[in-house]
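Novice: build me a model:
(2 chains)
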Amino acid sequence: MSAYKTIECDIVDKDKLIEALNLLNLNPEIHEVEEFLFGYMGDQRKEKAHIIIRRKNINPYTGASNDIGFFFNGEKYNIVISEYDKKFNMDKRIIQAYVKVVLEESLAKNGFKIKVNIDDDLLRQKQLNDLDIVARKII
Amino acid sequence: MSKEVSLKISIDKNGKVVVTPENTEGTECLDLMKFLDKIPGLNITTTPTKDLEIKPQNASNQHLQQ
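Specialist: Numbers count the residues shown, from 1 in each chain, chains lettered A, B, ... in the order given. Okay, the predicted model is just below:
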């Protein structure tokens, strides 16, 4: 063993973000022009986003969510999320799924065979789990 | 001779990712993980472990003087 790497993530890839959201059964809406988000009472909020997860799709994780959005600023997607949904770690859950999708594709492209410690059903459980990937390759 | 190498990647509940290589070291290890630096949006910090630490220059000089 030698160096190890610590990775932080910005969401920059639209397709991978959509794949990650679908992996979590969040059924994102994709808009060319940003649209308004709605709160848990159905009230229109002032915030807008290009990719939107409607609250009914988040409720299985949280109970009474507000819409979550992803606003593209020309370089990356910023998560627009309520304090309530943040308290349930929805932002972390989405980033974890996004990193999984991005890394898995990159590892496969570079000839690694991949094994993940939990299957996709467990990713969709209410409780957020740590995720371990073992990637192997003959050199 | 060929060998199997592996990367253990953990993504914790905070979205923090740590990649730990196994059965590889030194420049081979760095080359193996180079592709990670090219993934857009991932901000990667490499932490060298013992085998990559730079030995102090005067250590080799002392050897020559002996």
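
Novice: from here on, just use CA atoms for contacts and neighbour counts.
Specialist: Fine.

Novice: pull the longest helix from chain B.
Specialist: Ranked by number of residues, the top helix in chain B under DSSP state H is helix B:26-37.

Novice: average pLDDT for the very next helix or strand once past that one?
Specialist: Using DSSP states H and E, the helix or strand that directly follows helix B:26-37 along the chain is strand B:42-47. Per-residue confidence for strand B:42-47 averages out to 80 on the pLDDT scale.

Novice: could you list every helix and strand in contact with the longest helix of chain B?
Specialist: Contact partners of helix B:26-37 among helices and strands, from 3 or more CA pairs under 8 Å, 6 or more residues apart in numbering or on different chains; DSSP states H and E: strand B:42-47.

Novice: residue A:37 reaches residue A:49, doesn't it?
Specialist: Yes - with contact defined as CA atoms under 8 Å, residue A:37 counts as touching residue A:49 (7.2 Å).

Novice: okay, and the common contacts of those two?
Specialist: Shared contacts of residue A:37 and residue A:49 (CA atoms under 8 Å, 6 or more residues apart in numbering or on different chains): residue A:69.

Novice: that older thread, identify each buried residue in the longest helix of chain B, please.
Specialist: By 16 or more other CA atoms under 10 Å in any protein chain shown, the buried positions in helix B:26-37 come out as B:26, B:29, B:30, B:32, B:33, B:36.

Novice: also stretch A:56-63?
Specialist: Going by neighbour count (16+ other CA under 10 Å), the buried part of stretch A:56-63 is A:56, A:57, A:58, A:59, A:61, A:62.
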